[in-house]
Every structure is written in structure tokens, then in C-alpha cells.
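# I'll drop the sequence and a predicted model, then ask my questions.
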Amino acid sequence: MTLVEANKIIDRLIYGCNWHRFNEPGVQQEYQRVLMRYGYAQMDNAVDRLLESDSKNVPPMSALVKACKENKQSTTEAHNDEYCYICNDKGYLFMTEKTPKYDNMPAQYALHCICPMGISQAYEGMNCKPEDRRPYRVPSVTEYFDEQAIEDMKKENRKKVHMADEQIEAARDRLATIGVRMPYVDHGDAWEGEAPC
Ligand SMILES: [Zn+2]
């Protein structure tokens, strides 16, 4: 997910629980960093399930990650195991093109991505049963963009997503100068400090 989506999840946790530690230094950044490794829809679902069982405390990052992974196993919906930098895990992207039929007015067309989530959104109206046949389709991004262009897209999106990481690192450095240590997290599991009573 993107930073904006990670913040949406954090807002849900803040408003959904009676008690949280997001006002402590480094906690929000740490959640952002880990959340951004996972898909938004899956994590949103995981939050639903965790808040159903306990809405008093914000679940530790490790519980969120566990629920998110279980969720992936139980869902039949397509999902990406790895974050897709082509479509930012949405499965589709939009392309603007002129339409000669309508005075060259620019219109947006959806293209499906080549990641698992994207493949699940491919649509070929003419391949449907005869009674459902339509002249519409959601073609693959590869029909419109060559390999180099797709690589450039990935690079650009990766840059945007990781800019947030750099900001977190900068915050870490600033906090260090005033003697506050922002914890590092390894292997995908987040810091779980003891909650003050
Ligand atoms: Zn994709």
C-alpha cells in the first residue's frame, strides 16, 4: 500500500480503539513502514477482524501482519504477495487517449496490470457467452506500453513510495540528535514496546 493508505489504516486503529500509542515518538512511522509492505485491502480486512475481537487496544504490528497473512490464505480473491510498483497494487491503471470519434476529446481508458491482481481484472467482452458479448475490453498494459516504459513506471512509483521511507529516516536522525531513539525493526515484524498502564 502507499503511505496515504497506511495512514488510513492507522486512523482506523486510532479511532477504532480506546487506547493507542501513536502519539509516542516513532510509533506511527514504524507502523507506516511495516504496513506499506502489505496490500491495503488485505490489511483493511485484517483490521476489521482484529477490532471485532478487541477494540480496546491497538493490535501490535505482529498481530496485524499475522491476520493479514491469514486473510490472504483464506480469501479467494486475487492478491499480490509482492507489492506491485506498476499499478501500486490496484490491478489497473488509466491511460488518457484522444478519441477521434468524438472530436479528439481526451478520454481515460483502464488497462489491467500484469501482476496477479491485474490479471484478475482483464476483460474481453467479445470472449463472453454470445448473449453477454460486448465490444468492451480492459486490455493489458503491455498492449500500450513497451518493456522500457513499464520499467520506467515501476522506477517512478518505487521512488514515490520510498520517498516516505527516506522521510522516516530523516525523522529518525532528527530524533537521535535530541536523544530519542526510534526503534528499528527487522524481518518484517514491528517493534512491540510494553504498553504503559
Ligand atoms: Zn500490478
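Yes, it's here. The structure presented is a predicted model; accordingly, all values stated were derived computationally and were not measured. Numbering: from 1, shown residues only.

# near the ion, which residues of the protein show up?
Residues of the chain lying close to the ion by C-beta under 5 Å from the ion are Cys84, Ile86, Cys87, Cys113, Cys115, Gly118. Yep, even glycine has a C-beta here, placed from its N, CA and C like the rest.

# Can you flag which of the residues you listed belong to strands?
Among these, no member falls in strands (DSSP state E).

# Okay, buried residues for stretch 115-131 please.
For stretch 115-131, the neighbour count (16 or more other C-beta atoms under 10 Å) marks Cys115, Met117, Gly118, Gln121, Ala122 as buried.

# Quick one: mean pLDDT for stretch 112-120?
Mean per-residue pLDDT for stretch 112-120: 89.

# Correction: the previous question concerned stretch 78-87.
82.

# from the buried residues of stretch 115-131, which single one is nearest the ion?
Closest approach between the buried residues of stretch 115-131 and the ion, by C-beta to the ion: Cys115, at 3.2 Å.

# how about the helices in the chain?
Using DSSP state H, the helices assigned to the chain run over residues 3-16, 27-35, 40-53, 61-74, 116-119, 141-144, 147-177.

# packing partners for the longest one?
Using 3 or more C-beta pairs under 8 Å, 6 or more residues apart in numbering; DSSP states H and E as the contact criterion, the neighbours of helix 147-177 among helices and strands are helix 27-35.

# Can you check what angle separates the helix it packs on from helix 61-74?
30 degrees (axes from the mean of the first three to the mean of the last three C-alpha atoms, to 10 degrees).

# other SSEs contacting helix 27-35?
Short answer (3+ C-beta pairs under 8 Å, 6+ apart): helix 27-35 packs on helix 3-16, helix 61-74, helix 147-177.

# Show me where this protein dips below the pLDDT cut-off.
For the chain, the stretches with pLDDT under 70 are 72-77, 183-197.

# According to the record, where do the domains of it fall?
3-77+158-177, 92-145 (automatic domain parsing).

# okay, these in a markdown table with distance to Asp152 next?
Below are those laid out as a markdown table (distance: least, C-beta to C-beta, whole Å):
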| stretch | distance to Asp152 |
| --- | --- |
| domain 3-77+158-177 | 11 |
| domain 92-145 | 9 |
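
# Mean neighbour count, these: which tops it?
Most buried of these, by mean neighbour count (mean count of other C-beta atoms under 10 Å): domain 3-77+158-177, with a mean of 16.

# chain center to it: distance?
Put simply, domain 3-77+158-177 sits 11 Å off its chain's centre (C-alpha atoms, centre = their mean, to the nearest Å).

# OK, contacts around Glu70?
Glu70 sits next to Ala46 when contact means C-beta atoms under 8 Å, 6 or more residues apart in numbering.

# same check, this time on Tyr144
So Tyr144 contacts Met95, Leu111 (C-beta under 8 Å, 6+ apart).

# what's the distance between it and Phe94?
11 Å (C-beta to C-beta, to the nearest Å).

# Check Gly179 too.
47 Å.

# same thing with Cys84?
Taking C-beta to C-beta as the measure, Cys84 falls 15 Å from Phe94.
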